[in-house]
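Q: Coordinates for the following, if possible.
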Amino acid sequence: MINLFHKNIAHGPEYVCTCCDQLWYKCSVVKCDAKQYKACSQDVVKSCLTGFKSVKATEWICITCDSNLKKGKLPSCSKANKMGFPDKPDILNLTSLEEGLISPQIPHRSGSQAFSYCRVA
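A: Below you'll find the predicted structure:
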């Protein structure tokens, strides 16, 4: 069981949700397919699916946003709901370490949080 947990979190939260712009583990995202959101108006789908691609040059969506869109709802944490992260001001000349420390996207989650995101059977 512990080995499966380590396998699930081995690559860290590097998958970016196209809708909410948050970082997730692989087990918490699915490949984005706009055809799955027939319950949603096309305007909502277009505003939520930004086309942003991350790992393996693929557009990913977190299971929370995916579930909301399938129910015809605007995800509460979506950028379309004005919940996006602000752009970094040009005046800040930060190292990658400094950026990580002040980033609204948490680059490393604790083990207990990762455990709750990834099913371990």
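Q: Helices of this structure, residue ranges please.
A: 2-9, 42-48, 63-70, 96-102, 111-117 (DSSP state H).
Q: Just put those in CSV and tack on distance to Asp87 and mean neighbour count.
A: Any C-beta I mention is one placed from the backbone N, CA and C, and that applies to glycine too. Formatted as CSV, the helices of the chain follow (distance: least, C-beta to C-beta, whole Å; neighbours: other C-beta atoms under 10 Å):
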stretch, distance to Asp87, mean neighbour count
helix 2-9, 29, 13
helix 42-48, 18, 16
helix 63-70, 21, 19
helix 96-102, 13, 10
helix 111-117, 26, 13
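Q: Quick check: Ser47 vs Gln36, distance?
A: Shown here: Ser47 relative to Gln36, a distance of 16 Å by C-beta to C-beta, to the nearest Å.
Q: What of Phe5?
A: 29 Å.
Q: repeat for Cys48
A: When C-beta to C-beta is applied, the distance between Cys48 and Gln36 equals 12 Å.
Q: Quick check: which ranges of the chain have low pLDDT?
A: Within the chain, the stretches falling below the threshold (pLDDT under 70) are 103-121.
Q: mind running it again at 80?
A: Flagging of the chain using pLDDT under 80 yields the residue ranges 5-12, 83-92, 96-121.
Q: Nearest the geometric middle of it, what residue?
A: Of all residues in the chain, the one closest to the mean position by C-alpha atoms, centre = their mean is Cys17, 2.9 Å from it.
Q: That one - nearest residue in space that isn't next to it in sequence?
A: Ranked by C-beta to C-beta, 6 or more residues apart in numbering and with sequence neighbours excluded, the top spatial neighbour of Cys17 is Cys62, at 4.0 Å.
Q: what bridges to that neighbour?
A: Applying DSSP bridges to Cys62 yields these beta-bridge partners: Val29.
Q: Straight-line length of stretch 54-68, end to end?
A: One end of stretch 54-68 to the other measures 21 Å (C-alpha to C-alpha, to the nearest Å).
Q: could you measure Gly100 against Ser41, distance?
A: Using C-beta to C-beta, one obtains 37 Å as the distance from Gly100 to Ser41.
Q: Ser76: neighbouring residues, count only.
A: By other C-beta atoms under 10 Å, the residues close to Ser76 number 11.
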